[in-house]
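A.B. asks: with the sequence up front, the predicted model follows.
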Amino acid sequence: MDHFPIFLATAGRRIVLSGGGDAALAKLRLLLKTTANLTVFSLAPAPEIKNWATAGKLTLIERAMEPGDTMCAVVFYAADEDAVEDKRTAAIAHADGALVNVVDNLEDSQFITPAIVDRDPVTIAIGTEGAAPVLARAIKADLEEKLPSTLGTLARIGKGFRKMSYTLPFGRARRDFWRDFYFNAGPKAIAEGEDAVRPALDDLLNTHLKNEAREGHVAFVGAGPGDPELLTLKARKALDEADVVIYDRLISPEILELARREAVMLDVGKEGFGPSTPQETINALLVEHGKSGAQVVRLKSGDSTVFGRLDEELDAVTAAGIGWHIVPGITAASAAVASIGQSLTKRERNASVRFLTGHDMKGFADHDWAALARPNEVAAIYMGKKSARFVQGRLIMHGADRKTPVTVIENASRPDQRVLSTTLAHLPVDLAEAKMTGPALTFYGLAPRAAAEIASTVISREFA
């Protein structure tokens with residue numbers, strides 16, 4: 001992020017602009033929405049600028065800008081649409097200590113003006129760091145269509161009521177009150193007219209003051225394989241309401257970004273053959289925060305019911321008398337097999353699929369290798385990179401065809417996904433050569449479709 005988004009206080013402060021043409025008009029139409037004191041310098045101002053000056057909306061000085069003209073200005077816009085003049089006026093503003101924006105010149109600007117959705121006092125700023133202004137305008141148009149025109153009125157009335165809401169306990173109780181207002185009671189009241197909103201707020205506050213505090217609760221949420229677009233709506237809602245998020249190592253940063261900024265974020269990652277948070281510690285954290293009354297999200301990669309030690313954590317919170325529910329997610333096997341254009345089961349090929357896991361030889365030792373070695377069997381092997389040679393040996397020892405296709409998918413569903421297409425005979429060697437460092441899932445008995453090989457970054461070996 002090269003440009004940090006902030007909302008600058010402009011009430012009573014000075015903003016200066018140099019220019020009088022189309023670029024100046026575009027900026028002034030936006031700046032006139034503020035309560036700043038606007039000053040425009042232009043030798044040839046457009047008629048609209050003259051009219052605004054006559055109406056007292058800004059101060060127009062019909063000359064070129066000179067040193068000292070931007071004293072005490074908080075920001076300055078160079079909008080003369082002339083590179084030489086813009087450079088000259090920007091230098092003056094720099095010397096006077098103002099933040100400078102040179103219109104259509106990202107490199108020489110200290111700040112950029114985002115596309116804005118205005119539902120005063122609700123303001124949404126959309127920025128692309130100058131990379132895609134057309135995209136920013138498209139997003140703005142989409143939001144303009146979706147946000148009701150009454151949103152600003154509700155926010156304005158709610159702002160005046162804010163101190164009254166302080167009679168509710170800080171934190172969740174206040175958030176629940178305001179959520180109820182903006183998404184339930186408020187829209188219903190404003191449909192009857194603006195005068196009905198304040199009485200509705202009073203009634204709503206009285207109702208919430210009588211409510212008992214919500215008990216602590218744990219949501220066991222499957223975060224999917226990493227692509228935030230594969231997160232379920234129910235998972236998004238749980239993250240939005242969470243006071244505490246306890247997450248695994250494989251949760252992608254993009255998904256963690258969806259949690260509330262105020263939420264406590266606790267990394268309890270486990271790593272095979274590396275540093276890990278003991279399961280007892282995770283259980284204790286769930287109980288500690290659940291008993292404190294927090295709404296806890298236990299965020300697990302993939303689906304929390306598949307190889308996620310869910311039962312141990314459920315036992316811990318149940319024994320502590322804490323409520324819980326499970327939000328299923330897309331398991332890595334589903335996302336990974338979709339990325340290679342295959343299905344886990346296929347008529348006349350396999351009517352069942354096996355999910356296997358084990359960090360080492362001991363973890364894999366008890367599987368039914370004889371059954372898996374039969375023709376047309378399919379298995380999704382989790383956490384099997386380091387045990388590839390052992391898996392290969394067990395399958396061949398039980399009669400598996402060495403030409404059986406094997407596909408290894410690293411970072412399934414993520415931008416850096418890689419696919420290794422090989423055979424059982426070559427699996428350990430090809431896997432070592434691929435140097436996969438991310439989480440990977442191995443499909444025994446499946447090869448990528450040709451279309452998937454074109455769409456993905458594929459390291460392939462012809463079947464021997």
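C.D. replies: Structure received. Numbers count the residues shown, from 1 in each chain.
A.B. asks: so where's the protein shaky on pLDDT?
C.D. replies: Within the chain, the segments meeting pLDDT under 70 span 270-275, 358-365, 450-464.
A.B. asks: per the record, what domains does it have?
C.D. replies: Here the domain parsing of the chain from automatic domain parsing is 14-113, 151-210, 217-330, 333-460.
A.B. asks: tell me which of those domains lies nearest to residue 124.
C.D. replies: Evaluated with CB to CB, those place domain 151-210 nearest to residue 124, the distance being 10.2 Å. Glycine gets a C-beta too; all of them are placed from N, C-alpha and C.
A.B. asks: find the residue closest to residue 434 in space, skipping its chain neighbours.
C.D. replies: Leaving aside its chain neighbours, residue 434 sits nearest to residue 420 (5.0 Å; criterion: CB to CB, 6 or more residues apart in numbering).
A.B. asks: ugh, wrong one, residue 329
C.D. replies: Among residues not flanking residue 329 along the chain, residue 222 sits closest, at 2.1 Å (CB to CB, 6+ apart).
A.B. asks: how about residue 68?
C.D. replies: Once flanking residues are discounted, residue 68 sits nearest to residue 96: 6.9 Å by CB to CB, 6+ apart.
A.B. asks: ok, the one you found touching residue 73?
C.D. replies: Yes: shown here, residue 96 and residue 73 form a contact pair, counting by CB atoms under 8 Å, at 6.6 Å.
A.B. asks: dump the residue contacts of the nearest residue to residue 11 once chain neighbours are set aside.
C.D. replies: The spatial neighbour of residue 11 that comes closest, neighbours along the chain excluded (CB to CB, 6+ apart), is residue 35 at 4.5 Å. Shown in contact with residue 35 (CB atoms under 8 Å, 6 or more residues apart in numbering): 10, 11, 12.
A.B. asks: dump the host helix or strand of residue 239 to PDB, keeping only the CA atoms.
C.D. replies: Assessed by DSSP states H and E, residue 239 sits inside helix 233-241. In PDB, the C-alpha atoms belonging to helix 233-241 read as follows (Å, rounded to 0.1, in the frame of the first residue of the first chain):
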ATOM      1  CA  LEU A 233     -21.700 -16.400   3.500                       C
ATOM      2  CA  LYS A 234     -22.200 -17.900   6.900                       C
ATOM      3  CA  ALA A 235     -18.400 -17.900   7.500                       C
ATOM      4  CA  ARG A 236     -18.200 -14.200   6.500                       C
ATOM      5  CA  LYS A 237     -21.000 -13.400   8.900                       C
ATOM      6  CA  ALA A 238     -19.200 -15.200  11.800                       C
ATOM      7  CA  LEU A 239     -16.000 -13.300  11.100                       C
ATOM      8  CA  ASP A 240     -17.900 -10.000  11.100                       C
ATOM      9  CA  GLU A 241     -19.300 -10.700  14.500                       C
END
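A.B. asks: give me the contacts around that helix.
C.D. replies: The contact list for helix 233-241 (CB under 8 Å, 6+ apart) reads 219, 221-224, 245, 255, 258-260, 295, 297, 299, 327, 329.
A.B. asks: that older thread, the residue nearest to residue 329 contacts residue 307, correct?
C.D. replies: No: taking contacts as CB under 8 Å, residue 222 lies outside contact range of residue 307: 11.4 Å.
A.B. asks: tell me which of these two has more neighbours.
C.D. replies: residue 222 (26 against 18; other CB atoms under 10 Å).
A.B. asks: now do the phi/psi pair for that one.
C.D. replies: phi -80, psi 120 (degrees, to the nearest 10).
A.B. asks: go on, residue 220?
C.D. replies: Dihedral pair for residue 220: phi -90, psi 110, per degrees, to the nearest 10.
A.B. asks: same check on residue 381?
C.D. replies: Recorded main-chain torsions at residue 381 are phi -110, psi 110, according to degrees, to the nearest 10.
A.B. asks: surely it meets residue 353?
C.D. replies: No: at 11.1 Å, residue 381 does not count as touching residue 353 under the criterion of CB under 8 Å.
A.B. asks: doesn't residue 251 belong to a strand?
C.D. replies: No: counting by DSSP: H, G, I helix; E, B strand; the rest coil, one finds residue 251 to be coil, located in no strand.
A.B. asks: report the contact partners of it.
C.D. replies: For residue 251, the contact set (CB under 8 Å, 6+ apart) comprises 223, 226, 299, 301.
A.B. asks: for it, what are phi and psi?
C.D. replies: The phi/psi pair for residue 251 (degrees, to the nearest 10) is phi -70, psi 130.
A.B. asks: same check on residue 217?
C.D. replies: Residue torsions, per degrees, to the nearest 10, at residue 217 are phi -150, psi 150.
A.B. asks: what does residue 18 give?
C.D. replies: Dihedral pair for residue 18: phi -110, psi 120, per degrees, to the nearest 10.
A.B. asks: how close does it get to residue 105?
C.D. replies: Taking CB to CB, to the nearest Å as the measure, residue 18 falls 13 Å from residue 105.
A.B. asks: mutual contacts of the two, please.
C.D. replies: 78, 86.
A.B. asks: so for these two, which sits in the more crowded spot?
C.D. replies: The neighbour comparison of residue 18 against residue 105 (other CB under 10 Å) goes to residue 18, with 28 against 15.
A.B. asks: ok, what's across the strand from the more buried one?
C.D. replies: residue 41, residue 78 (DSSP bridges).
A.B. asks: how about the contacts made by it?
C.D. replies: So residue 18 contacts 24, 40-42, 64-65, 76-80, 85-86, 89 (CB under 8 Å, 6+ apart).
A.B. asks: at 7 Å what do you get?
C.D. replies: Residues counted as contacts of residue 18 (CB atoms under 7 Å, 6 or more residues apart in numbering) are 41, 65, 78, 79, 80, 89.
A.B. asks: which of the residues you listed sits closest to residue 396?
C.D. replies: Of these, the one sitting nearest to residue 396 (CB to CB) turns out to be residue 78, at 72.5 Å.
A.B. asks: what sits against that closest one?
C.D. replies: The contact partners of residue 78, by CB under 7 Å, 6+ apart, come to 18, 86, 89, 90, 100, 102, 103.
A.B. asks: relative to residue 406, how far out is residue 383?
C.D. replies: Using CB to CB, residue 383 is found at 16 Å from residue 406.
A.B. asks: out of the contacts of residue 251, who has the most neighbours?
C.D. replies: Highest neighbour count within those: residue 223, with 30 neighbours (other CB under 10 Å).
A.B. asks: that one contacts residue 232, correct?
C.D. replies: No: applying CB atoms under 7 Å, one finds residue 223 not in contact with residue 232, separated by 9.4 Å.
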